[in-house]
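**Student:** just coords:
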């Protein structure tokens, strides 16, 4: 068994060693404060500084301005966002448009049906989500908002282009935020769970336009109201301090590298792996070529025996988290920002080596 | 300035050094797995084992059995529980009884008013919550449940005795769970944010009777449904892995010491501090004697100058987190399980020393 292990899991995902090292140190003594980062108060100056810097870095990385957008750090993951979005923005008699490109986008829509009407604007469910659906040229009138999922982790597809929406455009960017240059200004609200590209499990980044907060469509419990979270600057109640701090360290890492450089490496990583798999005699790719994700490469063995053998081979090679999602089976290599090109090369080499055992 | 710092904050609260040490190690390499605990999958065998042991320890510590009760680890803090409880258990035409012993219990009730009727069963608001309200001998008929807060962190009061409720009894035990021997079987549902006695900020423990799950009072989004969380065994979506692991380490620490020993030390800690403050010429206690909390000792200076001087004195002595809640001002020393008797003695000595500067 390999002593080195590489985590290609879809989340909780790999973190850069520099980040885990700093997290370990901060647990003993946070920034020379004499306190563990696990003990610092969520309403004190140390955590204020963490939040302030994290918010500023998010807006900088998105090229958005603080006069127009708010940044929130919430708990509950994407699933709570699926509920909060219609609760906050879909009136009972209104309708929201959802683009259905996979399991999570479909689940987001289903959550909205409890609060108002939903319209399925485009779906690729009929072809088992192996490609992106076609966005219609015109949308129904009077939609409260349009929701889409930028990257579909389970099926390995990803939107590379977006559109000017006539109504507020909301996006779940959980699995590809900060992975490429993107016009974040096209979106009125976007969110991302941290455990893929921006930290550890336990916190969700939400960025939204202040102008969304003027309308209230129904009375809401404070924890379920974006307006209340904005008024409380993400500390309506005790924030998940350690998870937010982890996100800050990832944001620093992303800022230091720059999104253009990250995008370039992500293209190289995905290109290398797709090329290797296209040439492989043991595997086949699932997503159609022009829909493929640079974040999650989804593939399967040509038969069950090959799949079993490759699983054992990965264990032997220290390749972790490569199993496909239980809905599609096969394999999935997640190439989030913290995965390096040399680690993808290691996986590609393993695939080539595995191929040789068949011939 | 003292090199040693002691965190008397109300949460995020102090953790035992043995726990922070193990957390720091696990970030580098979790239990010899070769992966950081921040990267282990939430649906893999490593996290399964963490959840299983945490659930078993909770039930053991509560002396409850797994055939009757379920254990959940959720995000969103007490505030999300304030919303979820009425959403799950209060029909629109029904009524729930709330005991109002402080800010949080009152906020829990206010959250419920969005979903059904609420009845204020007993309140000490009129005397600024400086004592516990009187529980009535009889309750209104047909209540869906009764909710109370076992310990009131802001005002420093704590229930020491409970009652057999004719309807399901729910309790927010955020600030005193596992601090004393308690008949947990009196409760049908209780919850506690982790960052006081059982871990770090970012996860909330919920223990509830399976029998509560048979009735559904309205359709709910999955993340807001106890039934869905129970069906998914706390991994409806990505769990806050690190926060749950931190809670497990605290549960091991509590199990190793035993609740009887913890209770005894907590009585000594609180007794020492209350005695010192009663004798002090600089401070006065706020809560009435028979309502006083063993977890949060709330007091104020006899005048503003004394308060300011004591704040500076605490900085000098390395005493952290001692400011009172912004609603009451003054001071608050939180004596959660991880605070040792010798640390309370250090604070008591500082108070006595401070007194001498006045005479």
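**Tutor:** Arrived safely. It should be emphasised that the depicted structure is a prediction, and the values quoted were computed from it without experimental measurement.

**Student:** Specify the local secondary structure of the closest residue in space to residue A:165 that isn't next to it in sequence.
**Tutor:** Sequence neighbours aside, residue A:146 is the residue nearest to residue A:165 in space, at 5.3 Å (criterion: CB to CB, 6 or more residues apart in numbering or on different chains). C-beta here means a position set from N, CA and C on the backbone, and glycine is covered the same way. Under DSSP: H, G, I helix; E, B strand; the rest coil, residue A:146 falls in the strand class.

**Student:** Next one: residue A:146, what pLDDT does it get?
**Tutor:** pLDDT recorded at residue A:146 is 98.

**Student:** That one: neighbouring residues, count only.
**Tutor:** Using other CB atoms under 10 Å in any protein chain shown, residue A:146 has 22 other residues around it.

**Student:** Residue A:212 versus that one, what's the distance?
**Tutor:** 13 Å (CB to CB, to the nearest Å).

**Student:** before we move on, what about residue A:204?
**Tutor:** For residue A:204, the distance to residue A:212 - CB to CB - is 17 Å.

**Student:** so what's the residue nearest to residue A:165 up against?
**Tutor:** Applying CB atoms under 8 Å, 6 or more residues apart in numbering or on different chains to residue A:146 gives the contacts A:96, A:97, A:98, A:99, A:121, A:139, A:165, A:167, A:168, A:169, A:170.

**Student:** Provide the strand pairings for the helix or strand harbouring the first one, with the direction of each partner.
**Tutor:** If you go by DSSP states H and E, residue A:96 is part of strand A:95-100. In its sheet, strand A:95-100 lies beside strand A:117-123 (parallel), strand A:143-149 (parallel), with partners assigned from DSSP bridges.

**Student:** Can you tell me what sits against the first one?
**Tutor:** Defining contact as CB under 8 Å, 6+ apart, one finds that strand A:117-123 is touched by A:93-101, A:106, A:109, A:112, A:133-136, A:139-140, A:143, A:146.

**Student:** mind redoing it with 10 Å?
**Tutor:** For strand A:117-123, contacts defined as CB atoms under 10 Å, 6 or more residues apart in numbering or on different chains pick out A:86, A:90-102, A:105-106, A:108-112, A:129, A:132-136, A:139-140, A:143-144, A:146-148.

**Student:** can you list the domains in chain A?
**Tutor:** A:18-257, A:259-356 (automatic domain parsing).

**Student:** Now do the first one: distance from first to last residue.
**Tutor:** It stands for domain A:18-257. Length of domain A:18-257, first residue to last, CA to CA, to the nearest Å: 13 Å.

**Student:** any idea how far residue A:258 lies from chain B?
**Tutor:** From residue A:258 across to chain B, the span is 24 Å (CB to the nearest CB, to the nearest Å).

**Student:** Can you tell me which residues in the stretch 101-250 of chain A are near chain B?
**Tutor:** Within the stretch 101-250 of chain A, the residues that sit near chain B (CB under 10 Å from any CB of the partner chain) are A:104, A:107, A:110-115, A:174, A:193-196, A:199-204, A:218-225, A:228, A:236-244, A:246.

**Student:** Give me the subset of these that lies in helices.
**Tutor:** A:104, A:107, A:110, A:111, A:112, A:228, A:241, A:242, A:243, A:244, A:246 (DSSP state H).

**Student:** Could you identify the buried members of the residues you listed?
**Tutor:** Buried by 16 or more other CB atoms under 10 Å in any protein chain shown: A:104, A:107, A:111, A:112, A:241, A:242, A:243, A:244, A:246, out of these.

**Student:** Give me the number of neighbouring residues for residue A:303.
**Tutor:** Using other CB under 10 Å, residue A:303 has 10 other residues around it.

**Student:** Check residue A:256 too.
**Tutor:** Residue A:256 has 9 nearby residues by other CB under 10 Å.

**Student:** and the lowest-mean-pLDDT helix or strand in chain A with chain B, contact?
**Tutor:** Among the helices and strands of chain A, strand A:6-7 carries the lowest confidence by mean pLDDT, DSSP states H and E, at a mean of 88. Yes: judged by CB under 10 Å from any CB, strand A:6-7 comes into contact with chain B at A:6, A:7.

**Student:** tell me what the next helix or strand after that strand is packed against?
**Tutor:** Going down the chain from strand A:6-7, the next helix or strand is helix A:17-28, by DSSP H and E. On a contact count with 3 or more CB pairs under 10 Å, 6 or more residues apart in numbering or on different chains; DSSP states H and E, helix A:17-28 meets helix A:241-257, helix B:17-28.

**Student:** got a markdown table for the ones you listed, with distance to residue B:293 too?
**Tutor:** Shown next, in a markdown table, are those (distance: least, CB to CB, whole Å):
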| stretch | distance to residue B:293 |
| --- | --- |
| helix A:241-257 | 24 |
| helix B:17-28 | 24 |
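
**Student:** buried set for stretch A:57-68?
**Tutor:** In stretch A:57-68, counting by 16+ other CB under 10 Å, buried: A:57, A:58, A:59, A:61, A:62, A:64.

**Student:** Please name the residues that touch the first one.
**Tutor:** Just to be clear, that refers to residue A:57. Residue A:57 neighbours (CB under 10 Å, 6+ apart): A:71, A:198, A:247, A:248, A:250, A:251, A:252, A:254, A:255.

**Student:** I'd guessed residue A:311 sits against residue A:322; true?
**Tutor:** Yes: counting by CB atoms under 10 Å, residue A:322 is a contact partner of residue A:311 at 7.9 Å.

**Student:** Would you mind checking the residues of the stretch 101-250 of chain A next to chain B for buried ones?
**Tutor:** A:104, A:107, A:111-112, A:114-115, A:174, A:193-196, A:199-204, A:220-225, A:236-244, A:246.

**Student:** So is stretch A:310-321 next to chain B?
**Tutor:** Yes: using CB under 10 Å from any CB, stretch A:310-321 reaches chain B at A:318, A:320, A:321.

**Student:** which of those tops the neighbour count?
**Tutor:** That'd be residue A:321 among these, by other CB under 10 Å, with 23 neighbours.

**Student:** That residue touches residue B:35, doesn't it?
**Tutor:** Yes: the pair formed by residue A:321 and residue B:35 meets the contact definition of CB under 10 Å, at 8.9 Å.

**Student:** measure the nearest residue to residue A:188 once chain neighbours are set aside to residue A:81 for me?
**Tutor:** The spatially closest residue to residue A:188, leaving aside those adjacent along the chain, is residue A:168, at 3.8 Å (CB to CB, 6+ apart). From residue A:168 across to residue A:81, the span is 15 Å (CB to CB).

**Student:** what pLDDT, on average, does stretch A:68-83 get?
**Tutor:** Mean predicted lDDT for stretch A:68-83 stands at 98.
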